[in-house]
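[1] my questions concern the predicted model and sequence given below.
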Amino acid sequence: MMTRQEYAATGDVLYSGTAKNGLRIRVLPKTGFSGFYAVFATDYGGTYRRFTLDGTDYDTPAGVAHYLEHKMFDLPDGDSALSLLSRNGADPNAFTSSDVTCYYFRCTHLFEENLRLLLHFVSTPYFTDETVQKEQGIISQEIRMGEDSPGSANYYSLLKLLYKNHPIREKVIGSVESIAEITAETLYTCHRAFYIPANMVLCVAGDVDPDRVLAIAEEILPQEAGTVPTVDFGEAEDLLPAGTRASLEMPVSIPQFLIGAKLRPEEKGPALFRQQLVASLALRLLAGPSAPFYNRLYAEGLINRSFDADADFSTGVGTVIIGGESRDPEAVYDALLKEVARVGKEGIDEKLFERSLRSGIGGALRSMEDFDDVCVNLALDEFDGFCYLDYPAIMASIRREECEAFLRETLKPDRLAMSVVTGGGAAGTESPSGEGEGA
């Protein structure tokens, strides 16, 4: 049975329900639209390396979740689910992050057939030692390409500065060495643990009957909910960084820098959603294109259009990241500290706050016109205990004082770390002047 909830801010109606096997289902009917979009997601990502299932402890190599995503498209008859969906006119794909793996497709016809195929191949693993070993070469090449990316190298360098223990400091894709340890048995173990109805969400948008989506899911998927594993992310982190500075030398024309700080996320639910929106708005007020700080540094030639600030919340940790390109990253760092201190004393300009708040609400409403964004966010937010469609209403209730407090508390000097990539070196070469850990 699906329950109906109206959202006045967007004009949407969301149907929510739980299948007999524990699968959570969210359907956003779009009457009269020709397009369909479906997301089938599992609460399992790159940081879920150590877990306990049915009394047994498992410690898996880095990169298993991403590796498993690659191999799930293989079918026993030698065909590929990607090929079958494409032949049906669908556009399928998948992605793995630190905390989720999502499989999805968009199409304009044969929706039910494509939905059945999606549910079937994601819930039916097929691996052999031969095919797993073959995939190692493909993913190893992908890893090496990432190692040549200054942006990726700098990002993980910063995470290693900030985090002492949490597996978020390791690459979702793993390393060439770690994926060499992955076997067919490893993949079957992790699929059995995490690809179970009780640990998954199905989200659909389009001109569909919600009860029909529920019926198809109960028809195709296993009847048992399964037991959700207990995941171990290591020793709890405090709010101080493990190190304060790192420097890498790579072939870049202008230095790239990332300044970061750790957050302590709220418990899953509406409070976490509010915290995420406060963080996003506060960082826009501090360092967004309309902020005085941004425009002053831009006019001085210290930053360019690459400058950005955001907060990421994942698997029990939160990370603020501010960065871009600069001829003098240390000058940007010092200017940031001064701006945070100024905001702490003088507060945020009221007109800037109101303008940024309206812009944030407008941006959210525009993004909800995109089936893709809505479905993916509905799935991801379901794992965190809230609903993406509440975005406009919660955003509108945020107060300026909340944003000021966020900046004042989060961006304290002793909580900051900075990683910089400078030109002249080969990929991933650590500068001897770096403090703390490099990538």
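    Cool, the structure landed.

[2] low-confidence stretches in the chain?
    424-439 (pLDDT under 70).

[3] just want the most central residue of it.
    Using C-alpha atoms, centre = their mean, the residue of the chain that lies closest to the mean C-alpha position is residue 97, 5.2 Å off.

[4] contacting residues around that one?
    Counting by C-beta atoms under 8 Å, 6 or more residues apart in numbering, residue 97 touches 45-46, 172, 314. For glycine as for every other residue, the C-beta is placed from the backbone atoms N, C-alpha and C.

[5] cutoff 10 Å now
    45-47, 65-66, 172, 312, 314-315, 380 (C-beta atoms under 10 Å, 6 or more residues apart in numbering).

[6] so which of those comes closest to residue 165?
    Nearest to residue 165 among those is residue 47, at 11.3 Å by C-beta to C-beta.

[7] residues contacting the nearest residue to the closest one once chain neighbours are set aside?
    Distances taken as C-beta to C-beta, 6 or more residues apart in numbering place residue 167 nearest to residue 47, at 4.3 Å, with adjacent residues excluded. Going by C-beta under 10 Å, 6+ apart, residue 167 touches 45-50, 62, 98, 231-234, 315, 317.

[8] how far away is residue 215 from residue 20?
    Residue 215 sits 11 Å away from residue 20 when distances are taken as C-beta to C-beta, to the nearest Å.

[9] for residue 157, see how far away the residue nearest to residue 47 is.
    Residue 167 sits 16 Å away from residue 157 when distances are taken as C-beta to C-beta.

[10] list the contacts of stretch 324-332.
    150, 245, 247, 252-259, 287, 293, 297, 300-309, 322-323, 333-335, 418-422.

[11] give me the ChimeraX select line for the residues you listed, limited to the buried ones.
    Provided next is the ChimeraX selection string for whichever of those are buried by 16 or more other C-beta atoms under 10 Å:
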select :150,245,247,252,255,256,257,258,259,287,293,297,302,303,307,308,309,322,323,333,335,418,419,420,421,422
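
[12] strands - which of the contacts of stretch 324-332 land there?
    245, 247, 256-259, 308-309, 322-323, 418-422 (DSSP state E).

[13] OK, contacts around residue 225?
    So residue 225 contacts 18-23, 196-199 (C-beta under 10 Å, 6+ apart).

[14] drop anything exposed from those.
    For these, buried by 16+ other C-beta under 10 Å: 18-19, 21-23, 196-199.

[15] format these as TSV; extra columns: secondary structure and distance to residue 56.
    Formatted as TSV, those follow (DSSP: H, G, I helix; E, B strand; the rest coil; distance: C-beta to C-beta, whole Å):
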residue	secondary structure	distance to residue 56
18	strand	27
19	coil	27
21	coil	23
22	coil	21
23	coil	24
196	coil	16
197	helix	21
198	helix	18
199	helix	17
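
[16] and of these, the nearest to residue 146?
    residue 199 (27.8 Å).

[17] quick one, what contacts that closest one?
    Taking C-beta under 10 Å, 6+ apart as the criterion, residue 199 is in contact with 22-24, 41-44, 193, 225-229, 383.

[18] skipping adjacent residues, who's closest to residue 100 in space?
    In space, residue 100 is closest to residue 45, 5.1 Å off (C-beta to C-beta, 6+ apart).

[19] could you report the neighbour count for that neighbour?
    Residue 45 has 25 neighbours, counted by other C-beta atoms under 10 Å.

[20] now it: phi and psi?
    phi -140, psi -170 (degrees, to the nearest 10).

[21] now swap in residue 72 and tell me
    Note on residue 72: backbone dihedrals following degrees, to the nearest 10 are phi -70, psi -20.

[22] OK, contacts around the residue nearest to it when sequence neighbours are not counted?
    Distances taken as C-beta to C-beta, 6+ apart put residue 122 closest to residue 72, at 5.9 Å, once the chain neighbours are dropped. By C-beta under 10 Å, 6+ apart, the contact set of residue 122 is 40-42, 69, 72-73, 81, 94, 101-103, 191, 195, 200, 202, 220-221.

[23] surely residue 392 forms part of a strand?
    No: under DSSP: H, G, I helix; E, B strand; the rest coil, residue 392 sits outside any strand and is assigned helix.

[24] contacts only, for it.
    Taking C-beta under 10 Å, 6+ apart as the test, what residue 392 contacts is 7-10, 360-365, 368.

[25] check residue 31 too.
    Residue 31 touches 13, 206-208, counting by C-beta under 10 Å, 6+ apart.

[26] endpoints of stretch 296-307, how far apart?
    13 Å (C-alpha to C-alpha, to the nearest Å).

[27] tell me the contacts of the nearest residue to residue 165 once chain neighbours are set aside?
    Distances taken as C-beta to C-beta, 6+ apart put residue 234 closest to residue 165, at 3.9 Å, once the chain neighbours are dropped. Shown in contact with residue 234 (C-beta under 10 Å, 6+ apart): 47, 49-50, 163-169.
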